[in-house]
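1. The following block contains a protein sequence and its predicted model.
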Amino acid sequence: MPTYSVDLTTERGVSRVSFTLDDDRPLGLQINHILEEFRQRGLVLKGGPEDELMVAWNGRPVDGSRTPHALGISPLHAIELRMRPRSAAVVARVEPPAAPFLSKTSYLALVTACTGAAIAWIVTATLFTDLGDVLTSYGTLDVVVATVLGAAVGGVLLGALARARSESVVVGLAAGIGLGAVGAAMGAFSGLVIAGYAGLGDSRQSFIVARLVTWALASGFLGMFLAFRWVRTHAVVPFESLLWGCGAGIVAALLLSLPGPSDLWQLLAFLVVGAGTGAGVVHPVMVRSLGVIELERTGAGTVGLLGHRGWMVPFHGTAAVGRTLNVRSEQGRCQVALTGAAAEPVTLGGRAVSGPHDLLNQDTITIGSRVFLYRRFPEAS
């Protein structure tokens, strides 16, 4: 690989350093590594906060999304890095107003949580049809059924959300099963203890009240435990998920108390718990986010539910979009920047991304053959 001279314009003047570049990798990706090394040496480009990076060779700007070979550059001339005022077209960009929408991530959470609930219904309807030598009381049966429901809903939900964020599906699945099972079991057991101390269960009316308490806490604890995934960034989210779950558990208990086809009521009750858990885990995070970046299409066409990818953008802080991009937010303003792991050409609204770029509502981000769309929540405006 050839060695290039790289000129950097700083407050102290022009500094020249030699770097080895790969002729077959996009130049912009390699420039990011060079800038990072410059920062470690205490060398910072001269420019203002609204300026943009310009990469030039032999006096002419070059496209960072193309390779040195495709650009026709060689070590005969130095590569120049300097900041310049943004073009008038970029400065004049106006952010489109945010409109209400249902994010694909919310839809994914609802569908997968209900899928887990349906799986739990099949298991419990097959294995736990009535009392026996092991399950000697209806209280024990409720705890076991709640545990199976929590494990199934939690595993499918957190596994799917982990896959959507390009994280480990196995870790998400295991965490969901463990947290869901423990949360639902603790909630159901707590409900039985409370009902026992209150003397509920001696009549049909008090039995229904006991069931309401038990299922409200089982569903509430299920949602709260699954929401612990976001407790570091949003400490209040688990408590809001608890309320969502309690509401779903109350509706589920009422369904289970209806006369008639008990299997049908149990299926509907499980689906209500699944829907309430899915919404309760995702919605509180959504309302505390600036927007969401979601996969719109790939080279093969549209993206189905199983291929969905999506990341929530926080009001303040940094969100990693896979291994390629970082999104930094501060006071409602977003910027995207490449990470050191970027291995594909990246464009924002058709412009190559080599340094930080402002991210506005409805902007498209293209990474290789994948096209992502950033949408801002109206509440965040």
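-> Ah, there it is.

2. Next, count neighbours for Thr298.
-> Using other Cβ atoms under 10 Å, Thr298 is surrounded by 14 other residues. Yep, even glycine has a C-beta here, placed from its N, CA and C like the rest.

3. so what's the backbone phi/psi at it?
-> Thr298 adopts backbone torsions of phi -120, psi -180, taken as degrees, to the nearest 10.

4. Same question for Asp63.
-> phi -90, psi 120.

5. so what's it closest to, chain neighbours aside?
-> The spatial neighbour of Asp63 that comes closest, neighbours along the chain excluded (Cβ to Cβ, 6 or more residues apart in numbering), is Ala352 at 5.6 Å.

6. before we move on, what about Asp22?
-> Here the nearest residue to Asp22 in space, its sequence neighbours aside, is Met1; by Cβ to Cβ, 6+ apart that works out to 5.3 Å.

7. Which residues are in contact with the one you found?
-> Under the criterion of Cβ atoms under 8 Å, 6 or more residues apart in numbering, the neighbours of Met1 are Thr20, Leu21, Asp22, Asp23.

8. Could you check how far it is from Phe270?
-> The gap separating Met1 from Phe270 is 59 Å, by Cβ to Cβ, to the nearest Å.

9. what do you get for Thr147?
-> With distances defined as Cβ to Cβ, the gap from Thr147 to Phe270 amounts to 13 Å.

10. before we move on, what about Thr347?
-> As judged by Cβ to Cβ, Thr347 and Phe270 stand 45 Å apart.

11. So those two - more neighbours on which side?
-> Applying other Cβ under 10 Å to Thr347 and Phe270 shows that Phe270 carries more neighbours, namely 28 against 15.

12. That one contacts Leu149, correct?
-> Yes. Proximity of Phe270 to Leu149 meets the contact threshold set by Cβ atoms under 8 Å, at 6.1 Å.

13. dump the residue contacts of Phe377.
-> In this structure, Phe377 makes contact with Ala98, Met286, Val287, Ser289, Leu290, Gly291, Val292, judged by Cβ under 8 Å, 6+ apart.

14. same thing but 10 Å
-> 98-101, 103, 286-292, 312-313, 361 (Cβ atoms under 10 Å, 6 or more residues apart in numbering).

15. And the closest residue in space to Phe372 that isn't next to it in sequence, how close does it get to Leu43?
-> Taking Cβ to Cβ, 6+ apart as the measure, Phe372 lies nearest to Ile365, with 4.4 Å between them; neighbours along the chain are not counted. According to Cβ to Cβ, Ile365 and Leu43 sit 29 Å apart.

16. Between the two, which is the more surrounded one?
-> Summary of the neighbour comparison: Ile365 and Leu43, criterion other Cβ under 10 Å, with Ile365 having more neighbours (24 against 15).

17. Secondary structure class of the more buried one, three-state.
-> Using DSSP: H, G, I helix; E, B strand; the rest coil as the criterion, the local structure at Ile365 reads strand.

18. Roughly how far does it sit from Gly274?
-> Applying Cβ to Cβ, the value for Ile365 to Gly274 is 32 Å.

19. ok now stretch 105-115, how far from the chain's centre?
-> Averaging C-alpha coordinates over stretch 105-115 and over its chain gives two centres that are 13 Å apart (Cα atoms, centre = their mean, to the nearest Å).

20. Next, the buried residues of that stretch.
-> By neighbour count, with 16 or more other Cβ atoms under 10 Å as the criterion, the buried positions of stretch 105-115 are Thr105, Ser106, Leu108, Ala109, Leu110, Val111, Thr112, Ala113, Cys114, Thr115.

21. give me every residue that touches the closest residue to the last one other than its chain neighbours.
-> The spatially closest residue to Thr115, leaving aside those adjacent along the chain, is Val156, at 5.5 Å (Cβ to Cβ, 6+ apart). Listed by Cβ under 10 Å, 6+ apart, the contact partners of Val156 are 111-120, 172-173, 176-177, 180, 274, 278.

22. Of those residues, keep whichever come out buried.
-> Burial of the contacts of Val156 was assessed by neighbour count (16+ other Cβ under 10 Å); the buried members are 111-120, 172-173, 176-177, 180, 274, 278.
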